[in-house]
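Participant: Quick one, fold the following:
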Amino acid sequence: MDVALWVPAVVSAGLWLGGSRLARGLPPATAVRLLTLASLLTALSTGFVLAVAAFLVLARLPVVAVLGHWSAATLAAVDPVPAAAGVPAGVTVLALLAAAVRRTLTAGRDLAAAAATCRRLGPGAGGLVVVDDARPEAFAVPGRSGRVVVSTAMLRALPPDERRVLLAHEAAHLRSHHHLYVVLADLGAAANPLLRPLSAAVRSGVERWADEVAAAEVGDRRLVARALARAGIARATAARGSLPVPRTALGAVDSAVAERARALLAPPPRPQRAVAAAVVALMLLPVAAAAVTAGDTENRFDVAQAVWAHEH
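Facilitator: The predicted structure follows:
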């Protein structure tokens, strides 16, 4: 168990250092799915191990031992957690739990606001809503029946074939529920700040995922790269508009347009089984460590309770 207590922290540090590199080594859809799951599992395992470490020290207090009907002396003799580490572990897990709860509430409010925006925008044709606005904008608003919102300025800025690319990109966000991956990865990062690079990788990964879907749909990767570049330039050089963009909206030209265009000018990404296996192994390590910690902790308390029962 001594080693198991440190595994989630070591894996978290490894994902902080190499998470973005792992994302670049995988096809976007695979990267988003695996990194989101890795973020959640690592955050949960880290929080669990920290909570166990804090409780093991707390359980040595005589008043707690009496309430729990276990021997504090026996527990102290077999406990691998130094007493000085208990308080920092407890404070850390409470702070991370509070951050996770805050992020969950914020995400809930944002998703509710997005749903309200969809209702205000009306049905649209096939979920597409065109808004008269001077700023070139295009984004997907998630919800039970999401909307693709495009401004008239953006439609004027693109020729017809590039409009098709833009609409395919935004429709891919809604069809694959990309906002949920972003929300879950952000939640993992809130519960474990070392996972913030994973959250950023997932956010950029959903854009690359939608790019690849659009490229497959129109059958021309260069056209998709050109559409992204033109839309990005139009948005960067245009005057400010009045179209409100919800926090949960995903836009084709909101992030790393140049890098994504370069990726589209290269051949389509191929499956990388070795990299995918490495991510799976990394996400399973903290889960296994948490399971070992749980089993060893239960055994320690069983022994301490047996000693208490014999003494009383």
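
Participant: Which residue comes closest to Leu40 once chain neighbours are left out?
Facilitator: Once flanking residues are discounted, Leu40 sits nearest to Gly188: 4.9 Å by Cβ to Cβ, 6 or more residues apart in numbering. For glycine as for every other residue, the C-beta is placed from the backbone atoms N, C-alpha and C.

Participant: One more: Arg33?
Facilitator: Tyr181 (7.4 Å).

Participant: just Ala72 next, same as before
Facilitator: Spatially, and ignoring its direct neighbours in sequence, Ala72 is nearest to Ala65 (3.8 Å; Cβ to Cβ, 6+ apart).

Participant: tell me the contacts of the one you found?
Facilitator: Contact analysis of Ala65 by Cβ atoms under 8 Å, 6 or more residues apart in numbering lists 59, 71-72, 75, 304, 308.

Participant: could you redo the last one with a cut-off of 7 Å?
Facilitator: Residues in contact with Ala65 (Cβ atoms under 7 Å, 6 or more residues apart in numbering) are 59, 71-72.

Participant: Which pLDDT value belongs to the closest residue in space to Val275 that isn't next to it in sequence?
Facilitator: The shortest distance from Val275 to any non-neighbouring residue, by Cβ to Cβ, 6+ apart, is to Gly25 (4.2 Å). With respect to pLDDT, Gly25 scores 85.

Participant: Quick check: Gly25 vs Val213, distance?
Facilitator: 20 Å (Cβ to Cβ, to the nearest Å).

Participant: Likewise for Ala291?
Facilitator: Counting by Cβ to Cβ - Ala291 and Val213 are separated by 37 Å.

Participant: Compare these two (neighbour count), which wins?
Facilitator: Neighbours were tallied for Ala291 and for Val213 using other Cβ atoms under 10 Å; the higher tally belongs to Val213 (20 against 13).

Participant: where exactly do the strands run in the chain?
Facilitator: Along the chain, counting by DSSP state E, strands occupy 128-131, 138-141, 147-151, 250-251.

Participant: Pull stretch 112-119 out as CSV, backbone CA atoms only.
Facilitator: Coordinates of each C-alpha in stretch 112-119 appear next as CSV, following Å, rounded to 0.1, in the frame of the first residue of the first chain:
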residue,chain,number,x,y,z
ALA,A,112,-28.9,25.3,-18.8
ALA,A,113,-28.0,28.7,-20.4
ALA,A,114,-27.1,26.9,-23.7
ALA,A,115,-30.5,25.1,-23.6
ALA,A,116,-32.3,28.4,-23.0
THR,A,117,-30.3,30.0,-25.9
CYS,A,118,-31.4,27.1,-28.2
ARG,A,119,-35.1,27.8,-27.3
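
Participant: any idea how far Thr74 lies from Ala23?
Facilitator: 47 Å.

Participant: who's in contact with the lowest-mean-pLDDT helix or strand in the chain?
Facilitator: Every helix and strand of the chain was ranked by mean pLDDT, DSSP states H and E. The lowest is helix 72-78, at a mean of 79. Contact with helix 72-78 is made by 59-60, 62, 65, 300, 303-304, 307, as judged by Cβ under 7 Å, 6+ apart.
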